[in-house]
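1. return a 3D structure for these sequence lines:
(one chain, ligands or ions: 2)
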Amino acid sequence: MTARQSPVVTINPRVAEFTTSPTTEEVFAFYALPTGPLPPDRPYCWSNTISTLDGVTHFLETEKSVRQIGLQHIPRLSKHSKIDVRLLNGSWATADAVLITGQILRDEDDVLCCVNFEDLKKHRLEVLHKPTPQPLQIILTNSCNFDFTLRIFGQPGLDVLILTTREGHDIAQNKIANLSTPVTSNLQVLACESGPDGGVDFTKALKLLKSQFNITYLDISTGGTTIHNLIDLGLLDECRMTVANQLAGHVNTSSQVRPHAHPYDVKGLRFYAPETAPLVAWKGVRMAGEHFMFYRGVYEYRHLGN
Ligand SMILES: NC(=O)c1ccc[n+]([C@@H]2O[C@H](COP(=O)([O-])OP(=O)(O)OC[C@H]3O[C@@H](n4cnc5c(N)ncnc54)[C@H](O)[C@@H]3O)[C@@H](O)[C@H]2O)c1
Ligand SMILES: Nc1nc(=O)c(N)c(NC[C@H](O)[C@H](O)[C@H](O)COP(=O)(O)O)[nH]1
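-> Ligands and ions are numbered 1, 2, ... in the order given. Below you'll find the model as predicted:
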């Protein structure tokens, strides 16, 4: 029996530095879509994370966004934090959908995963031939415990999908029916089967996203919990990681544990043996100034028994 061929990621050049804002060509050279056969029954999935050098993904202080992780509050580094934002938009421009979570809506109240650069949007529509100017915004949630007046729900023309369990679907419908300010984004709620932990069954949900919503490329802009759940199931193809060189520490000023790109204290996550630990092969690296590194790698799974 021959092994199934995998998608191939080739970045040209493999190693480089951005000394000025990356051109359209430089952005899409770094985020070139894979060639070769894609997974037949689910989207091709990459994670998209910015973290401190010590892996923290949100300070959880007063600011309800991750802009301080991206060093956006430090004027002398603004040139390089703008490169981070441009690359982030470039990654979203190549995606059919972007997945975030209910937890993100609770911790980043103005989150919106939309492409805000005209050249990147043009490339999305005219070169990649995507049917919509913006990727579908998918919110993964159990409880639907967030405010339906948040920015993401007030964007006329933007497609938003709540991906939830049957129970979550009923909660969402009930909340939507009782809103005093109606949602103006194009909102749908999809009820999926639950997995053993009671949450959305990822394998089935990804199949639905491909078959019913035509999602070929999915950007997973979630926190580490969801990313590692997907790794455990072997469903994540790529790791896209921006490291902004600062050290945050494990907890915030109220001793609350900060979210981490690689959480080790989340119930249900797997531990690996040296023989089966997933590997990541870096396919491309970029630097911007002395504080930003951008990595793109592919997962090599060894725990799936194939
Ligand atoms: N820096 C970054 O790049 C970045 C990216 C994303 C999130 N964040 C931050 O990270 C934090 C969130 O990270 P995290 O690791 O706690 O979690 P996460 O983003 O993976 O979200 C966990 C939540 O997702 C939902 N969820 C997960 N699996 C589910 C399933 N199977 N079915 C239904 N719902 C499910 C639930 O609401 C759960 O509470 C937030 O503070 C956010 O602002 C940072
Ligand atoms: N800076 C940054 N680099 C990343 O690699 C990444 N994944 C995020 N993710 C955070 C979050 O998704 C975005 O910061 C907001 O969605 C942007 O929203 P604004 O354009 O600022 O309104 N942020």
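
2. C-alpha from now on. contacts and neighbour counts both.
-> Will do.

3. contacting residues for the most centrally placed residue in the chain?
-> The centroid of the chain falls nearest to residue 221 when counting by CA atoms, centre = their mean (1.5 Å). With contacts defined as CA atoms under 8 Å, 6 or more residues apart in numbering, the neighbours of residue 221 are 47-49, 98-100.

4. now, among these, which is nearest to residue 136?
-> Of all the contacts of residue 221, residue 136 sits closest to residue 98, with 6.2 Å by CA to CA.

5. distance of the closest one relative to ligand 2?
-> 9 Å (CA to the nearest ligand atom, to the nearest Å).

6. show me how far the helix or strand containing that residue is from its chain's centre.
-> Using DSSP states H and E, residue 98 falls within strand 97-101. Mean-position distance between strand 97-101 and its chain equals 6 Å (CA atoms, centre = their mean, to the nearest Å).

7. name the member of the contacts of residue 221 with the most neighbours.
-> When neighbours are taken as other CA atoms under 10 Å, the top entry among those is residue 98 (29 neighbours).

8. please look at that residue and residue 91 and confirm they touch.
-> No: taking CA atoms under 8 Å as the definition, residue 98 is not a contact partner of residue 91, at 9.7 Å.

9. shared neighbours of these two, anything?
-> Common neighbours of residue 98 and residue 91 (CA under 8 Å, 6+ apart) are residue 219.

10. quick revisit: and the residue nearest to the centre of the chain, its phi and psi?
-> Here is the backbone geometry of residue 221 (degrees, to the nearest 10): phi -90, psi 40.

11. how near is it to ligand 2?
-> Taken as CA to the nearest ligand atom, the span from residue 221 to ligand 2 is 6 Å.

12. going along the chain, name the helices of the chain.
-> 24-30, 78-93, 102-107, 118-122, 166-177, 202-213, 224-232 (DSSP state H).

13. any chance you could list what contacts the shortest one?
-> When contacts are taken as CA under 8 Å, 6+ apart, the neighbours of helix 118-122 outside the stretch itself are 24, 89-90, 93, 115, 133-134.

14. quick one, what contacts residue 289?
-> By CA under 8 Å, 6+ apart, the contact set of residue 289 is 18-19, 80.

15. at 10 Å instead, please
-> By CA atoms under 10 Å, 6 or more residues apart in numbering, residue 289 lies in contact with 17-20, 77, 79-81, 83.

16. which among the residues you listed end up buried?
-> 77, 79-81, 83 (16 or more other CA atoms under 10 Å).

17. who in the stretch 151-300 of the chain is up against ligand 2?
-> Neighbours of ligand 2 within the stretch 151-300 of the chain, by CA under 6 Å from any ligand atom: 221, 242.

18. at 8 Å what do you get?
-> Within the stretch 151-300 of the chain, the positions adjacent to ligand 2 are 221, 240-242 by CA under 8 Å from any ligand atom.

19. mind listing which of the residues you listed are in strands?
-> Among those, the members falling in strands (DSSP state E) are 240-242.

20. quick revisit: could you work out the most separated pair of the contacts of residue 289?
-> 17 and 77 (15.5 Å).

21. low-confidence ranges, this structure, go.
-> 1-4, 306 (pLDDT under 70).

22. redo that, cut-off 50
-> 1 (pLDDT under 50).

23. that one: strands as residue ranges?
-> Under the criterion DSSP E, the chain contains strands at 15-18, 44-52, 97-101, 136-140, 159-165, 186-192, 217-220, 238-244, 279-288, 292-300.

24. closest one to ligand 1 among those?
-> Ligand 1 lies closest to strand 44-52 among the strands of the chain, at 3.4 Å (CA to the nearest ligand atom).

25. who does that closest one pair up with?
-> Partner strands and pairing direction for strand 44-52 (DSSP bridges) are strand 217-220 (parallel), strand 238-244 (parallel).

26. that strand near ligand 2 anywhere?
-> Yes: contact between strand 44-52 and ligand 2, assessed by CA under 8 Å from any ligand atom, occurs at 48-51.

27. please tabulate the residues of the stretch 151-300 of the chain next to ligand 2 in CSV and include distance to residue 65 as additional columns.
-> Shown next, in CSV, are these (distance: CA to CA, whole Å):
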residue, distance to residue 65
221, 13
240, 19
241, 17
242, 16
